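Asks: Starting from these lines, generate the structure:
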Amino acid sequence: MAFDALKGLREELKKREEKYLREKKKELSEEKIMELSCMLAVLAKDDEAEITFYHAGHYVVVKGVIQSVNLVYKYLEINGTRISFEDLLEISRV
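Replies: Prediction:
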């Protein structure tokens with residue numbers, strides 16, 4: 001915009017809206033944890049997958065090629081995004 005009468009208002013409103021729309025992280029059942037563990041055990045580098053995970057108060061869905069699965073440090077990388085196992089909600093092969 002050429003003229004913004006209330007400088008910084010848009011940014012502040014956006015921050016408040018983002019804070020208001022945040023979700024709490026869901027507690028996973030033992031069955032769901034086992035299902036995720038089994039999927040992680042069979043995933044390999046260069047597999048295509050769709051992953052739903054918790055990040056910064058929101059659930060995010062990423063679809064792409066697995067770059068690595070690190071069982072020691074408990075994370076995986078997909079499309080340059082490192083995702084901790086404890087933030088996972090869903091994994092499906094594409």
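
Asks: Using the three-state scheme, assign the closest residue to residue 57 other than its chain neighbours.
Replies: Once flanking residues are discounted, residue 57 sits nearest to residue 22: 3.3 Å by C-beta to C-beta, 6 or more residues apart in numbering. All C-beta atoms are positioned from the backbone trio N, CA, C, and that covers glycine. Under DSSP: H, G, I helix; E, B strand; the rest coil, residue 22 falls in the coil class.

Asks: Residue 22: neighbouring residues, count only.
Replies: 9 (other C-beta atoms under 10 Å).

Asks: separation between it and residue 51?
Replies: Using C-beta to C-beta, to the nearest Å, one gets 20 Å for the distance from residue 22 to residue 51.

Asks: just residue 20 next, same as before
Replies: 26 Å.

Asks: If you count surrounding residues, which of those two has more?
Replies: Here residue 20 and residue 51 are compared on neighbour count by other C-beta under 10 Å; more neighbours surround residue 51, at 23 against 7.

Asks: Name all residues that make contact with residue 54.
Replies: Shown in contact with residue 54 (C-beta atoms under 8 Å, 6 or more residues apart in numbering): 23, 25, 26, 60, 87, 89.

Asks: cool, and residue 68?
Replies: 45, 76, 77 are the contacts of residue 68 under C-beta under 8 Å, 6+ apart.

Asks: tell me the helices in the chain, going along the chain?
Replies: Ranges of helices within the chain are 9-20, 30-42, based on DSSP state H.

Asks: Least confident secondary structure element in the chain?
Replies: When the helices and strands of the chain are compared on mean pLDDT, DSSP states H and E, helix 9-20 comes out lowest with a mean of 81.

Asks: elements contacting it?
Replies: Where contact means 3 or more C-beta pairs under 8 Å, 6 or more residues apart in numbering; DSSP states H and E, helix 9-20 is not packed against any helix or strand.

Asks: mind exporting that helix as CSV, just the C-alpha atoms?
Replies: Extracted in CSV, the C-alpha atoms of helix 9-20 (Å, rounded to 0.1, in the frame of the first residue of the first chain):
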residue,chain,number,x,y,z
LEU,A,9,-0.9,-2.7,12.6
ARG,A,10,-1.0,-5.3,9.9
GLU,A,11,2.0,-7.2,11.4
GLU,A,12,0.6,-7.1,14.9
LEU,A,13,-2.8,-8.3,13.7
LYS,A,14,-1.1,-11.1,11.8
LYS,A,15,0.9,-12.2,14.9
ARG,A,16,-2.3,-12.2,17.1
GLU,A,17,-4.2,-14.2,14.5
GLU,A,18,-1.4,-16.8,14.3
LYS,A,19,-1.3,-17.0,18.1
TYR,A,20,-5.1,-17.5,18.3
